[in-house]
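>>> fold the following and give me the result.
(2 chains)
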Number of protein chains: 2
Amino acid sequence: MDLKSKIRQIPNWPIKGVNFKDITTLLEDKLVFHELIDQMCRQFEDKQIDKLVAIDARGFLLASAMAYKLGTGLCIVRKKGKLPCQTIKASYQKEYGPDTLTLHHDTIKPGEKILLVDDLIATGGTLLATIQLVEKLAGEIVGINVIIDLPFLGGSRKLNKYDLKWLVSYDSE
Amino acid sequence: MDLKSKIRQIPNWPIKGVNFKDITTLLEDKLVFHELIDQMCRQFEDKQIDKLVAIDARGFLLASAMAYKLGTGLCIVRKKGKLPCQTIKASYQKEYGPDTLTLHHDTIKPGEKILLVDDLIATGGTLLATIQLVEKLAGEIVGINVIIDLPFLGGSRKLNKYDLKWLVSYDSE
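Numbering: from 1, shown residues only, chains lettered A, B, ... in the order given. Presented below is the predicted three-dimensional model:
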């Protein structure tokens, strides 16, 4: 199945010049959604993963089904103030200034094999902050799994020491 | 499996007097997560559901796995400004004032059988706004599925014309 053709592009959203990749059209069709999850899981099914780390919020939409299919646990990374128990923190740069991601302090045990899941890599800031968090808890990152890479924004290049897999790539906005 | 014993309670979060029900402990253990999703799906597996509607953001963590297992599509309800395509809107009252939920205008076709999924029912405001959105698109709501009901906050009573299923209930904070 050609997943790329199922992604809806929204011109000039959220700002002028950006051609936003809308993945909701992959989710709402039951056959496309099933095939998407199967294709993502196939890339890491031989890695004996313990837990997926899902990035708020579109990562949640993929990682939950993947954790169910792969038989792993599911951990979540959220913006500061959203997780109720004690957290560890990592700051990163967003378009309009710094932001902070958090992870529950006890959600990963040392040495657990971890796969990071999000919808898209752009500049890579969110994934780099997530890597910091997981490595602070001594989780072993076995890979990073996304639907879409936007290599012209440089994120995937910064992540090249990790086993990064994507299904769809675009050469420009 | 006694799911209730796996839910972590956080005293005085997010405000004094609230005993927050932290479901992340249900997700991070692979056996508990699998059993949770199986128990939720079992309640509606005979209903020939077309699509799940997941409520941002904890609903995403359940609905994705459920949609995969049930073989349905997955639609998402998000706060205003988060969905990139044309949306329909519904306002609701939160603790500190009004807020607005949105749904893509074309995500549900008239007559499709819809199951709403969230983690918890408290006052029911979010679910009532979501019902408005789904019914505006002429979706047929066949049920509402949550992990936790807090009946003393009155939400489940307001939703009693719908087939509402929960797995765990608390009598007080």
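>>> going forward, measure contacts and count neighbours with C-alpha atoms only.
Noted.
>>> how about the contacts made by the residue positioned nearest the centre of chain A?
The C-alpha lying nearest the average C-alpha coordinate of chain A belongs to residue A:118 (C-alpha atoms, centre = their mean; 1.5 Å). Each residue near residue A:118 by C-alpha atoms under 8 Å, 6 or more residues apart in numbering or on different chains is listed here: A:54-55, A:58-60, A:62-63, A:145-147.
>>> just among those residues, which is most surrounded?
residue A:63 (36 neighbours; other C-alpha atoms under 10 Å in any protein chain shown).
>>> what lines up beside the host helix or strand of residue A:143 in the sheet?
Assigned by DSSP states H and E, residue A:143 belongs to strand A:140-145. Paired with strand A:140-145 in the same sheet, following DSSP bridges, are strand A:113-117 (parallel), strand A:164-165 (parallel).
>>> quick check: which of those is buried the most?
Among the strands paired with strand A:140-145, ranked by average contacts under mean count of other C-alpha atoms under 10 Å in any protein chain shown, first place goes to strand A:113-117 (a mean of 25).
>>> next one: the residue of chain A positioned farthest from its centre from residue B:86, what distance?
Distance from the C-alpha centroid of chain A, by C-alpha atoms, centre = their mean, peaks at residue A:16 (24.7 Å). For residue A:16, the distance to residue B:86 equals 16 Å [C-alpha to C-alpha, to the nearest Å].
>>> before we move on, what about residue A:20?
13 Å.
>>> so for these two, which sits in the more crowded spot?
Neighbour count, other C-alpha under 10 Å: between residue A:20 and residue B:86, residue A:20 has more, with 18 against 11.
>>> and that one, bridged to which residues?
According to DSSP bridges, beta-bridge pairing links residue A:20 with residue A:10.
>>> next one: it from residue A:57, what distance?
Distance check for residue A:20 against residue A:57: by C-alpha to C-alpha, it reads 16 Å.
>>> cool, and residue A:148?
Distance from residue A:148 to residue A:57, by C-alpha to C-alpha: 15 Å.
>>> any low-confidence regions in chain A?
Along chain A, the parts satisfying pLDDT under 70 run over A:95.
>>> which stretches of it form strands?
Per DSSP state E, chain A has strands spanning A:8-11, A:19-22, A:51-55, A:73-79, A:87-94, A:97-104, A:113-117, A:120-121, A:140-145, A:148-149, A:164-165, A:168-169. These are given in chain order.
>>> which of those strands sits most buried?
Buried most deeply of the strands of chain A, by mean count of other C-alpha under 10 Å, is strand A:51-55, with a mean of 27.
>>> which elements pack onto that strand?
helix A:58-70, strand A:73-79, strand A:113-117 (3 or more C-alpha pairs under 8 Å, 6 or more residues apart in numbering or on different chains; DSSP states H and E).
>>> quick one, that strand and strand A:113-117 angle?
Counting by axes from the mean of the first three to the mean of the last three C-alpha atoms, to 10 degrees, strand A:51-55 lies at 30 degrees to strand A:113-117.
>>> partners of strand A:51-55 in the sheet?
Applying DSSP bridges to the sheet, strand A:51-55 is found paired with strand A:73-79 (parallel), strand A:113-117 (parallel).
>>> pull the CA atoms of the strand holding residue A:143 into PDB?
Taking Å, rounded to 0.1, in the frame of the first residue of the first chain, the C-alpha atoms of strand A:140-145 are listed here in PDB:
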ATOM      1  CA  GLU A 140      18.900   1.300  26.000                       C
ATOM      2  CA  ILE A 141      17.600   3.000  22.900                       C
ATOM      3  CA  VAL A 142      17.300   0.300  20.200                       C
ATOM      4  CA  GLY A 143      15.600   2.500  17.600                       C
ATOM      5  CA  ILE A 144      13.500   5.400  16.600                       C
ATOM      6  CA  ASN A 145      10.400   4.800  14.500                       C
END
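>>> got the angle between that strand and helix A:58-70?
Counting by the same axes, to 10 degrees, strand A:140-145 lies at 110 degrees to helix A:58-70.
>>> show me which residues of stretch A:39-51 are buried.
Residues of stretch A:39-51 classed as buried by neighbour count (16 or more other C-alpha atoms under 10 Å in any protein chain shown): A:39-41, A:44, A:49-51.
>>> next, give me the two most distant ones among those residues.
Within the buried residues of stretch A:39-51, A:39 and A:50 form the most distant pair, 19.0 Å apart (C-alpha to C-alpha).
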